[in-house]
Every structure is written in structure tokens, then in C-alpha cells.
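Visitor: Below is the sequence, then the predicted model.
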Amino acid sequence: MDWIAVKAALLAEGRVRIVGAPAKEYIASSSAGPGAGGAGSVFFSVGGRRVRLAVDPDAPLTLVHEGKGNAAIPFRGEMVRGVLEAPALHCPRQAFITLTPGCIFSCRYCAVPACSGGSRTTAEVVAMVRSVLERIDAISITSGVAGSVEEEERRTVEVVRALVRFGLPIGVSIYPTADTPRLLREAGADEVKFNLEAATPGIFAEMCPGLDWNLIWEVLVESVRLFGKNHVQSNIIVGLGESDDEIEAAVHRLCSIGVIPILRPLTPSAGCAHLRRPDAGRLMRLNEIATREIREGGLDPAEAQTMCVACAGCDLMPGRE
């Protein structure tokens, strides 16, 4: 079985209808990232390699849960057999926690601004991590912006300081200020993820009004200086209207400064609900580009310990497949 081809096809669909034995214990809910505010998702794993699929009773793709986590997906005339991985918090083997589920910004592709609920306190986050401690290898923190970027930064730094006691690698992904990498490093974070989101400044300006594309680049450069290669990540969303050449240029630039690029297939929602999810062929082409650039940049995603690169469920991730 060509896992890359299978995973690309599954990611291109993105949704699955679950039939068979009850699978509630394997369904993860999300308040950030793809599927925020949706019906949840499952992590289907084949030989230790996983793909995350949103749960949708109307999806054309079917997952048959045979019981006790054993599952199969009919695919191109064959049955792809694997297991469902039970999430710890949001994803398998990590406590991946969103501090603030809503956001004052209105990025067009993002469903987070429509999510409701107050910010979690430091005590609540510590209790959540403690509740899954025996099932995790890492802690990852993300957040929307409740009031201001600076306020969210302060709250996140406080949470990281409180989580160091658990002795697990800590990754953080928030919208930054220029000081965020230094403050997180001093607090005890091990890895960071600041998202470029779009492959070009023009698309970024259209999709993320009020946010600063150039600031993200400056923060990424500083983050590599503080955290080192293989410990800084950045998303580029695929499907916002960019060309493959524009993706390649952005990936090359990220790798050249020591940042692991994550090519995230668009989840059509919010202001991008009318757009199409990228097809499997494009995902595979871009994965070949990313694989080459990562290798030539001297990066090794297998060294990442937290967040999306460590999970690799939502994306084709060179070095993790």
C-alpha cells in the first residue's frame, strides 16, 4: 500500500461517516484549527501513521468501526485496515489545549471567531493536563485572542510556567508580538508554532485583515535563534487561491531560516466555505516539494516533539509518514 497516496486521498476528502460499533470514545472535539466547533474528528492509524478525519454523517467516505478501535475504510476497491486512536486532549498522545476558544480577529478561513466560551484559567489547564498525564508525551497550547494580543501572550506565558512542573515538552502556537518567542522561552516552552497562514502577502492581507504578515516572518527568525532548528513550525494553508510556485517559494523561505513548514489543506468554512478543498494530486505534488526543501534545509521533522508536526494527522508531513 502506498500510504502517501492513501493519506492524500483521505485528506482531500477530509470527512468520514462512521458505521458499525459505537466509537464515541475515539471522537475528539476541537475548539481551534480544522473542525473548530464541528461534530468532532477521529484519528485513523495504519502502522503507526495517522490521518485525522472530521466526523460527518453525510460524508461519502465510510469508516467501519469493528469494535475495540479496530477499523477499516473501503478505498478504491480495497479495505484499508487500521485502528482508531483514542485522543488524550484534542489529539493522540498530547494534551493539546485551547486557552481562548473565540477570537477578536476575523480571518476568513477560520471558524474560531464564531466559537463561544470564556478563557480557561491556569488552574483549569493544569487540571486538564493532570487528568491525562498517563496518556501523553507532550503538552501543546494554542489560543484565540479574547481582548488583545498582549493580554493573550501574558495569559499563555503564565500557563507555560505552571505546566513546566510536569516535565513534558511544551509547544505553543499563538498570534505573537515581537517579544513572544523570548517570553515563551524564558517561561519554559520547548517549541513554538507561528503560522504564516498564506503563501503570499497579498492573500494574507485578504484573508487576515488587520494582522501583520511581515511580523510573522520576523518572529519566526527570532524563534529559530532561541529554540533551534526543528523546534519551530509554521502553517501554510493550501487552497486559498495561491499557485504551486507560490507555495514552493514560501516553503523554500521557511526552510532556509530553519522553520518546519506545514502544508495544511483548507477546510472550507466561515468566509471560505465556497472554496474547494485541494485534491489528492496537488497535495502529493506539494508534499514532494516540501520533502525536497526540508532535506535541503537540513531539517528533520522527526525531531519535533509537540503540536502539529508531532501529530501529523491533518497534513502530509515529510519525515513523519
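Guide: Structure's in. What do you need? Residues are numbered from 1 along each chain as shown.
Visitor: What segments of the stretch 1-150 of the chain are helices?
Guide: Applying DSSP state H, counting those that start in this stretch to the stretch 1-150 of the chain gives helices spanning 3-13, 122-131, 149-163.
Visitor: Tabulate these in a markdown table, adding columns for mean neighbour count, distance to Ala304 and mean pLDDT.
Guide: C-beta coordinates here come from the backbone N, C-alpha and C atoms, glycine included. Putting those into a markdown table (neighbours: other Cβ atoms under 10 Å; distance: least, Cβ to Cβ, whole Å; pLDDT from 0 to 100) gives the following:
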| stretch | mean neighbour count | distance to Ala304 | mean pLDDT |
| --- | --- | --- | --- |
| helix 3-13 | 20 | 18 | 97 |
| helix 122-131 | 15 | 19 | 98 |
| helix 149-163 | 19 | 17 | 98 |
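Visitor: CSV please, covering those helices and showing distance to Asp190.
Guide: Formatted as CSV, these follow (distance: least, Cβ to Cβ, whole Å):
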stretch, distance to Asp190
helix 3-13, 27
helix 122-131, 15
helix 149-163, 10
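Visitor: Relative to Gly102, which of those is closest?
Guide: When these are ranked by distance to Gly102, counting by Cβ to Cβ, first place goes to helix 149-163 at 11.1 Å.
Visitor: and after the closest one, which helix or strand comes next?
Guide: Scanning the chain past helix 149-163 towards its C-terminal end, the next helix or strand to appear is strand 170-173 (assignment: DSSP states H and E).
Visitor: Which one of the helices of the stretch 1-150 of the chain lies nearest to Pro278?
Guide: The closest approach between Pro278 and any of those, judged by Cβ to Cβ, belongs to helix 3-13 at 6.7 Å.
Visitor: helices or strands up against that closest one?
Guide: Based on contacts counted as 3 or more Cβ pairs under 8 Å, 6 or more residues apart in numbering; DSSP states H and E, the elements that helix 3-13 packs against are strand 41-46, strand 49-55, strand 70-75, helix 280-296.
Visitor: so what's the closest residue to Cys308 other than its chain neighbours bridging to?
Guide: Counting by Cβ to Cβ, 6 or more residues apart in numbering, Ile262 is the residue found nearest to Cys308 once chain neighbours are left out, at 5.4 Å. The bridge-partner assignment for Ile262, based on DSSP bridges, gives Asn235.
Visitor: dump the residue contacts of the nearest residue to Arg17 once chain neighbours are set aside.
Guide: For Arg17, ignoring the flanking residues on the chain, the nearest one in space by Cβ to Cβ, 6+ apart is Ala59 at 4.5 Å. Shown in contact with Ala59 (Cβ atoms under 8 Å, 6 or more residues apart in numbering): Glu13, Arg15, Val16, Arg17.
Visitor: Narrow the residues you listed to those in strands?
Guide: By the criterion of DSSP state E, membership of these in strands covers Arg15, Val16, Arg17.
Visitor: who wins for neighbours among the residues you listed?
Guide: Neighbour counts for the ones in strands among the contacts of Ala59 peak at Val16, which has 24 neighbours (criterion: other Cβ atoms under 10 Å).
Visitor: my read: it touches Arg52, true?
Guide: No - using Cβ atoms under 8 Å, Val16 and Arg52 do not qualify as a contacting pair, with a distance of 9.9 Å.
Visitor: Please enumerate the shared neighbours of the two.
Guide: Counting by Cβ under 8 Å, 6+ apart, the common neighbours of Val16 and Arg52 are Val42, Phe44.
Visitor: What is the neighbour count of the nearest residue to Arg120 once chain neighbours are set aside?
Guide: Nearest-residue entry for Arg120: Leu99, 5.3 Å, with adjacent residues in sequence omitted and distances by Cβ to Cβ, 6+ apart. One way to gauge burial is a neighbour count; for Leu99, by other Cβ under 10 Å, it gives 24.
Visitor: What's the per-residue pLDDT of Leu99 here?
Guide: Residue-level confidence at Leu99 comes out at 96, pLDDT.
Visitor: Equivalent analysis for Gly118, please.
Guide: With respect to pLDDT, Gly118 scores 81.
Visitor: May I have the residues that are in contact with it?
Guide: Going by Cβ under 8 Å, 6+ apart, the list of residues near Gly118 reads Thr100, Ala146.
Visitor: And it, how close does it get to Leu84?
Guide: Plainly put, Gly118 is 31 Å away from Leu84 if you go by Cβ to Cβ, to the nearest Å.
Visitor: got it, and Asn235?
Guide: When distance is defined by Cβ to Cβ, Asn235 is 25 Å away from Leu84.
Visitor: and what of Ala138?
Guide: The spacing between Ala138 and Leu84, counted by Cβ to Cβ, is 20 Å.
Visitor: Equivalent analysis for Ile174, please.
Guide: Following Cβ to Cβ, the distance that separates Ile174 from Leu84 is 30 Å.
Visitor: Let me see the contact set for Ile289.
Guide: With contacts taken as Cβ under 8 Å, 6+ apart, Ile289 has the following neighbours: Asp244, Ile247, Glu248, Val251.
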